[in-house]
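K.L.:
let's see this in three dimensions:
(4 chains)
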2 protein chains.
Amino acid sequence: MKKPVTIQDVARAAGVSTATVSRALSSPDGVAEPKRRAVEAALVRTGYQINHAARNLRRQRTGVVVALVPKISNPFFSRILDGIDGVLRSEGMTLTVAETRPGGASAPTRGGEVNAAPLIAAFNNKSRADGVILLDGGLDWPSGGGDVPAAVYACEWRRGSSVPMVRAENARGAAKAVDHLWDIGHRRIGFVGDSRNVLIEERRRGVEIALARRGGRLDPKDLYQGDFSLDSGARAGARWLQSTDRPTAIVCANDEMAIGLIGAVARSGAQVPKDLSVTGFDDIDIARHVTPALTTLHQPRTALGRLAARTLVDLLAGREVDADQVLDVDLVQRDSTAPPRD
Amino acid sequence: MKKPVTIQDVARAAGVSTATVSRALSSPDGVAEPKRRAVEAALVRTGYQINHAARNLRRQRTGVVVALVPKISNPFFSRILDGIDGVLRSEGMTLTVAETRPGGASAPTRGGEVNAAPLIAAFNNKSRADGVILLDGGLDWPSGGGDVPAAVYACEWRRGSSVPMVRAENARGAAKAVDHLWDIGHRRIGFVGDSRNVLIEERRRGVEIALARRGGRLDPKDLYQGDFSLDSGARAGARWLQSTDRPTAIVCANDEMAIGLIGAVARSGAQVPKDLSVTGFDDIDIARHVTPALTTLHQPRTALGRLAARTLVDLLAGREVDADQVLDVDLVQRDSTAPPRD
DNA sequence: TTGTATGCGTTATCAC
DNA sequence: GTGATAACGCATACAA
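P.N.:
Below is the predicted model of the structure:
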């Protein structure tokens, strides 16, 4: 373990002062051509690696943004993270990702409370990150000003929080699903996602509004438990199979539950969409590949990520930002919905 | 933006020296009861938050391990990350995740070269992380000693590298898939995954060995391009559909390709497993939920993650570690395989 | 057990 | 445009 190369070593090798090396690194324009070249050569020659700890300490910022996601494996987040990463990269910042629900499948996947205090404490720290993008509405980020990093909710959020948020039109999206189903003849429409989570609440609200507009309603009997996981979708499917008095179509609060539900139903011999129409929400990559291909609501995920990142960047720059930015979602009709049998 | 609270402020509030505060934070045992309580009270009272930059600079380490994954959305990695996280957490370290293939679906998803140099440079830095777990065999980690962080390959690796690796029995796993298919009557078996990636190479090798053992062979005609993505699986399916002289079973190098392949085949009216048997590899969560449920090879993902993390911890502690640790893989029979038609 | 004092490697301020 | 130098906040060697 040899001693690390410092800026001093580089300075000596280049025959300049440490200040010049530092400037050559951070603002090359302020350094005259010949010296700059000398420094660059010395940098390579010595194998210099910057010490971020020292730089961060001195600058009082890290250049890092942390994205806090409920479950890293949820494919819904990937594009969002891509969008975030793109913007941050262009700003010279670094994205790192941390999971808020360690334990994977055994832990609640989304929504619901979790002992988030230590996690929040860990990341609500100026010396760890300049800013945080919260993709978990279960996290109650301390919004009071002060010394904390800037924060933005993306996709999920927390009611009553003053942290700015970026999200999709969840209620209207779900309403679009209902409109579609109603238009092709369904009158009894169920919903999967009866848990405490803003997204589920909003999407359910959209279902109720859309049904009400057509003179229908969401029967409590047609409400299935669901926590965004494949398994909870499968359980909903099992429940649907067991009953005889049941809906002809089911709106799921996300694609994974829809896939789980369809799987359970299909394995028992019933057919989707012949016996049951199913819609998802999110349009994850796999939605078009499963059988039947999933009718779902496409969220502009990359755009959401980009917008969230830009909002955070604005916040960091001290600019004014909108407290609530909402993007549209679109219905993508595929093969999991069809007119009811009768 | 008020000035941050330092240990000096805490020391003043508690009526002790900064050294005592620091000790109370890092090694409470070395501090007498009354002072310790006083410090703890002052900590809360002042709202102290540790400055990681300063601590890291002083300690010359970060307590952070970075996992470098090809594609964060690949569900295969989630359990592995859980395993890693569990071990690190118990060691008082923090896991952060970074993606090596930004750009999501548009970029190559796994395998193949990528301009990894800047990425490697960014993380091969003592001041950023104490160690790195590489889940991307495309990264050529500089294994020469010196000042670099400790590193371990997990799942994927790079031939010729001297970085220790932890992985599954890829060749034997693929061989098990072939054995199963052969046993139920298939004689012409194809393979999806003709790209430059260690995992694909190993799994293909397993297929070839198993076929050879039975007196069969892998016909070059039955080799389909595949890069681990859903879309490449779908393309393989399209190719299979177009030809008439074709295998009755296809072994896919991962589950996502298998799902993409099955989807393409099913949408054209052909039936899996009646017309074509398909196997995956990994046993991702969704594998049991798709229709037909996927026959695949289960990898001990959490165990792999844990082992990788333990190996890294050992490395950091200066302990001797095995250069190559291999875990077993098990065939999970589901509904995507059946005897051939004729 | 506790306090004092030093330095980790960098950037930024100031003078030249 | 360039160099000397003083912090940044903490952990630790050493002294007490």
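K.L.:
leaving out the residues flanking it, which one is nearest to the residue in the stretch 201-342 of chain A that DNA strand D sits nearest to?
P.N.:
DNA strand D sits closest to A:L316 of the stretch 201-342 of chain A, with a gap of 18.2 Å, by C-beta to the nearest atom of the strand. For every residue, glycine as well, the C-beta is placed using N, CA and C. On the basis of C-beta to C-beta, 6 or more residues apart in numbering or on different chains, the spatially nearest residue to A:L316 that is not a chain neighbour turns out to be A:A150, at 5.2 Å.
K.L.:
surely the one you found touches A:D130?
P.N.:
Yes: between A:A150 and A:D130 there is a contact at 6.9 Å, judged by C-beta atoms under 8 Å.
K.L.:
mutual contacts of the two, please.
P.N.:
When contacts are counted by C-beta atoms under 8 Å, 6 or more residues apart in numbering or on different chains, A:A150 and A:D130 have A:L316 as shared neighbours.
K.L.:
how about the strands in chain A?
P.N.:
Assigned by DSSP state E, the strands in chain A fall at A:64-69, A:94-99, A:131-134, A:150-154, A:165-168, A:189-192, A:223-224, A:249-252, A:277-279, A:296-298, A:324-327, A:330-332.
K.L.:
mean neighbour count, those strands: which tops it?
P.N.:
Neighbour counts (mean count of other C-beta atoms under 10 Å in any protein chain shown) averaged over each of the strands of chain A peak at strand A:249-252, with a mean of 31.
K.L.:
can you list contacts of that strand?
P.N.:
Residues contacting strand A:249-252 (C-beta under 8 Å, 6+ apart): A:174, A:177-178, A:181, A:186, A:188-193, A:203, A:207, A:222, A:224, A:226, A:233, A:236, A:240, A:258, A:261, A:276-281, A:337, A:340.
K.L.:
quick one: distance of it to the chain centre.
P.N.:
Mean C-alpha position of strand A:249-252 versus that of the full chain (C-alpha atoms, centre = their mean, to the nearest Å) differs by 23 Å.
K.L.:
cool, stretch A:326-337 as well?
P.N.:
Using C-alpha atoms, centre = their mean, the offset of stretch A:326-337 from its chain centre is 18 Å.
K.L.:
just stretch A:269-289 next, same as before
P.N.:
22 Å.
K.L.:
do the same with stretch A:225-233
P.N.:
Worked out by C-alpha atoms, centre = their mean, stretch A:225-233 lies 18 Å from the chain centre.
K.L.:
buried ones in that stretch, by neighbour count?
P.N.:
The neighbour-count check on stretch A:225-233 (16 or more other C-beta atoms under 10 Å in any protein chain shown) flags A:226-233 as buried.
K.L.:
of those, which is the nearest to A:T46?
P.N.:
A:F228 (51.1 Å; C-beta to C-beta).
K.L.:
could you check how far the closest one is from chain B?
P.N.:
Using C-beta to the nearest C-beta, to the nearest Å, we find A:F228 at a distance of 12 Å from chain B.
K.L.:
A:V148 contacts A:N124, correct?
P.N.:
Yes: using C-beta under 8 Å, A:V148 makes contact with A:N124 at a distance of 5.2 Å.
K.L.:
got any residues that touch both of those two?
P.N.:
By C-beta under 8 Å, 6+ apart, the residues touching both A:V148 and A:N124 are A:P142.
K.L.:
out of the buried residues of stretch A:225-233, who's near DNA strand C?
P.N.:
Taking C-beta under 7 Å from any atom of the strand as the test, DNA strand C is in contact with none of the buried residues of stretch A:225-233.
K.L.:
can you tell me which of those residues are in helices?
P.N.:
A:230-233 (DSSP state H).
K.L.:
weakest of the strands of chain A in terms of mean pLDDT?
P.N.:
Confidence, taken as mean pLDDT, is least for strand A:94-99 of these (a mean of 89).
K.L.:
near DNA strand C, anything from it?
P.N.:
No: figure legend: strand A:94-99 not in contact with DNA strand C (C-beta under 7 Å from any atom of the strand); closest approach 14.6 Å.
K.L.:
and that strand with strand A:64-69, angle?
P.N.:
Using axes from the mean of the first three to the mean of the last three C-alpha atoms, to 10 degrees, the inter-axis angle of strand A:94-99 relative to strand A:64-69 is 30 degrees.
K.L.:
close to chain B, is stretch A:281-297?
P.N.:
Yes: counting by C-beta under 8 Å from any C-beta of the partner chain, chain B is contacted by stretch A:281-297 at A:285-286, A:288-291, A:293.
K.L.:
which two of those lie the greatest distance from each other?
P.N.:
Largest pairwise distance in the residues of stretch A:281-297 next to chain B, by C-beta to C-beta, is 15.1 Å, between A:D285 and A:T291.
K.L.:
what's the spacing between the least confident helix or strand in chain A by mean pLDDT and its chain's center?
P.N.:
Least confident helix or strand of chain A, by mean pLDDT, DSSP states H and E, is helix A:117-123 with a mean of 81. Offset of helix A:117-123 from its chain centre (C-alpha atoms, centre = their mean): 19 Å.
K.L.:
any buried residues in it, and which?
P.N.:
A:119-120, A:123.
K.L.:
excluding chain neighbours, give the residue nearest to A:I200 in space.
P.N.:
A:G193 (4.0 Å).
K.L.:
does that neighbour really touch A:M257, like I thought?
P.N.:
Yes: at 6.9 Å, A:G193 counts as touching A:M257 under the criterion of C-beta under 8 Å.
K.L.:
neighbour count winner among those two?
P.N.:
A:M257 (31 against 28; other C-beta atoms under 10 Å in any protein chain shown).
K.L.:
against B:L316, how distant is the more buried one?
P.N.:
41 Å (C-beta to C-beta, to the nearest Å).
K.L.:
can you redo the strands of chain A as a markdown table with distance to B:A303?
P.N.:
Below are the strands of chain A laid out as a markdown table (distance: least, C-beta to C-beta, whole Å):
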| stretch | distance to B:A303 |
| --- | --- |
| strand A:64-69 | 24 |
| strand A:94-99 | 19 |
| strand A:131-134 | 31 |
| strand A:150-154 | 33 |
| strand A:165-168 | 37 |
| strand A:189-192 | 33 |
| strand A:223-224 | 34 |
| strand A:249-252 | 32 |
| strand A:277-279 | 35 |
| strand A:296-298 | 34 |
| strand A:324-327 | 40 |
| strand A:330-332 | 38 |
